[in-house]
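[1] got a sequence here, can you model it:
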Amino acid sequence: MDKIQDSSYRDKIKEYILLANIFIKDFFEILIPIYRDEFNDELQDVTTFLFTSLHSTSESILLLSFNESALYDADVLLRTVMEGTVKFCYLLSGTKEQRKAKYKEYKVFLTEINELDEHEKSIESIAILKKFSNYSVKTLELDILEEQRIRELEEKYSKNNRRKLSGRWSYKKLLNKLAETDVIFESQLATLSAYSFSSHLIHYDWSGLSTRQSQILNAYSEDRLELSFGHAIRILSNVLSFYNFRVIYHCKCYDIFSEEIREMVLTTFDYIKELDEVANELVDKHL
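    Residues are numbered from 1 along each chain as shown. From the prediction side, this is the model:
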């Protein structure tokens with residue numbers, strides 16, 4: 001029975017996933033090499049790896065979406081793509097001087113703040129392990145900072161400044177910043193709800209667990225196939241939308257828009273519109 005149910009879902013979603021996969025592979029192939037010496041921009045140290053990593057994660061989401069029981073796991077990965085994408089686009093937006101300042105915040109300041117955070121967490125973890133076990137703490141000790149380094153970082157970043165800087169790079173704050181200057185991000189403000197809900201899936205609190213439980217308990221209900229199909233369609237729409245945003249911002253920042261890329265972006269947006277229409281029809285039918 002499980003195989004029959006899974007097979008009917010896959011038969012229904014397969015063509016949509018395969019087409020989405022073609023879109024992202026075509027984009028990647030036309031843009032490589034992502035890093036180009038002629039851009040003469042240190043920001044590429046960050047954005048190149050962001051773009052390629054987000055491409056890989058997007059492929060993983062498509063693979064998970066083939067399996068009806070893995071849709072919520074795809075949602076968890078989608079959250080990382082959403083967050084990585086707004087960081088990517090934010091880094092590439094603004095004037096050259098603004099981009100340099102953002103690069104420094106992202107790669108240097110936030111990393112140094114993380115050094116302090118990881119140091120404090122390691123101290124706590126070592127104390128707990130030594131209290132309750134005889135396990136080696138060598139790997140945790142790697143994150144322990146020298147006293148001089150701690151003083152340097154604490155003088156550079158007060159606790160208040162650490163909170164402010166980290167908060168400025170939150171998904172919500174960055175998405176709002178982008179939406180203020182670019183209309184294409186206005187509609188993505190609606191993703192704040194899905195982004196927030198995915199934290200329940202990650203932390204396995206009852207809100208997240210009961211959602212997964214409902215999917216299993218209703219696996220053979222008459223509406224289940226269409227609901228799962230609609231869920232997958234929404235995921236594909238988000239994957240392609242955020243991929244399009246990354247392509248647009250990369251090409252705009254480095255002035256590499258070609259007629260071929262413009263056509264691909266518009267074709268992808270047309271397909272996203274089709275996906276959204278399918279999803280909206282299912283919402284109207286079941287709600």
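[2] tell me the contacts of the residue lying closest to Val265 once chain neighbours are set aside?
    Leaving out its chain neighbours, the residue that sits closest to Val265 by C-beta to C-beta, 6 or more residues apart in numbering is Asn244, at 5.8 Å. All C-beta atoms are positioned from the backbone trio N, CA, C, and that covers glycine. With contacts defined as C-beta atoms under 8 Å, 6 or more residues apart in numbering, the neighbours of Asn244 are 265, 268-269, 272.
[3] counting only helices, which of the residues you listed make the cut?
    Cross-referencing the contacts of Asn244 against helices under DSSP state H gives 265, 268-269, 272.
[4] out of those, which are buried?
    By neighbour count, with 16 or more other C-beta atoms under 10 Å, the ones in helices among the contacts of Asn244 hold 265, 268, 272 as buried.
[5] what's the helix or strand for the residue nearest to Val265?
    helix 224-254 (DSSP states H and E).
[6] repeat for Leu174
    helix 171-181.
[7] need the helices for the stretch 1-150 of the chain, in chain order.
    Under the criterion DSSP state H, counting those that start in this stretch, the stretch 1-150 of the chain contains helices at 2-31, 44-65, 71-91, 96-104, 110-132, 138-141, 147-156.
[8] and those, which is most packed in?
    Counting by mean count of other C-beta atoms under 10 Å, helix 71-91 has the highest mean neighbour count of the helices of the stretch 1-150 of the chain, with a mean of 21.
[9] just how off-centre is it within its chain?
    1 Å (C-alpha atoms, centre = their mean, to the nearest Å).
[10] stretch 228-248 too?
    Centre-to-centre, stretch 228-248 and its host chain are 11 Å apart (C-alpha atoms, centre = their mean).
[11] ok so, going back, can I get the helices of the stretch 1-150 of the chain in JSON lines with mean pLDDT?
    JSON lines is the format used below for these (pLDDT from 0 to 100):
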{"stretch": "helix 2-31", "mean pLDDT": "85"}
{"stretch": "helix 44-65", "mean pLDDT": "96"}
{"stretch": "helix 71-91", "mean pLDDT": "96"}
{"stretch": "helix 96-104", "mean pLDDT": "94"}
{"stretch": "helix 110-132", "mean pLDDT": "92"}
{"stretch": "helix 138-141", "mean pLDDT": "88"}
{"stretch": "helix 147-156", "mean pLDDT": "94"}
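[12] looking at the ones you listed, which is closest to Arg212?
    helix 71-91 (5.6 Å; C-beta to C-beta).
[13] in contact with Ala232, which residues?
    Contacts of Ala232 by C-beta under 8 Å, 6+ apart are 13, 16-17, 65, 68, 71, 74.
[14] give me the most central residue, the chain.
    Val81 (1.7 Å; C-alpha atoms, centre = their mean).
[15] wait, isn't it in contact with Ser58?
    Yes - under the criterion of C-beta atoms under 8 Å, Val81 makes contact with Ser58 at 5.9 Å.
[16] now the common contact residues for those two.
    Listed as contacting both Val81 and Ser58 by C-beta under 8 Å, 6+ apart are 239, 242.
[17] now the helix holding Asn244: mean pLDDT?
    On average, the pLDDT along helix 224-254 is 94.
[18] show me which residues of that helix are buried.
    Buried residues in helix 224-254, counted by 16+ other C-beta under 10 Å: 224-251, 253-254.
[19] before we move on, back to that, could you dump the buried ones among the ones in helices among the contacts of Asn244 into a markdown table with pLDDT and distance to Arg168 added?
    Conversion of these to a markdown table gives the following (pLDDT from 0 to 100; distance: C-beta to C-beta, whole Å):
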| residue | pLDDT | distance to Arg168 |
| --- | --- | --- |
| Val265 | 96 | 29 |
| Thr268 | 97 | 30 |
| Ile272 | 96 | 29 |
